[in-house]
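Enquirer: The sequence isn't on hand, but the structure is:
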């Protein structure tokens, strides 16, 4: 990754995982890593990391009883960012090895 892209990626991570939000930064960081989550969010975050297209409206509806839309949005974005980081690193490694 070139220096400009690295700076942009770092700024994105900083904003999403450590910036102000409706959820604690520690929870967003846990969603990004996929570890250390409360039980009610573990299944959602795992699906985002592995098979995001399989998340159903019913799953989200059940989580709305415990979390606001803003909280769920932040958790989902953090989990997606974490999953993207894993894939980005794998792609960069593949390019280095080619």
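Expert: Received, thanks. Source: prediction; values computed, not measured. Residues are numbered from 1 along each chain as shown.
Enquirer: Which strands or helices does the biggest helix by length in the chain pack on?
Expert: Longest helix in the chain, counting residues (DSSP state H): helix 69-97. Packing contacts for helix 69-97, counted by 3 or more Cβ pairs under 8 Å, 6 or more residues apart in numbering; DSSP states H and E, involve helix 3-13, helix 25-33, helix 39-51. For glycine as for every other residue, the C-beta is placed from the backbone atoms N, C-alpha and C.
Enquirer: tell me the SS of residue 36?
Expert: coil (DSSP: H, G, I helix; E, B strand; the rest coil).
Enquirer: just checking, it touches residue 30?
Expert: Yes. The criterion here is Cβ atoms under 8 Å, and residue 36 meets it with residue 30 at 4.3 Å.
Enquirer: Neighbour count for these two, which is higher?
Expert: Shown here are residue 36 and residue 30; by other Cβ atoms under 10 Å, residue 30 has more neighbours (23 against 11).
Enquirer: give the contact list for the more buried one.
Expert: 36, 37, 45 (Cβ atoms under 8 Å, 6 or more residues apart in numbering).
Enquirer: Skip the chain neighbours and tell me the closest residue to the last one.
Expert: With sequence-adjacent residues excluded and distances taken as Cβ to Cβ, 6 or more residues apart in numbering, residue 45 is closest to residue 79, at 4.6 Å.
Enquirer: Ok, the second one next?
Expert: Nearest-residue entry for residue 37: residue 30, 4.9 Å, with adjacent residues in sequence omitted and distances by Cβ to Cβ, 6+ apart.
Enquirer: Noted, bye for now.
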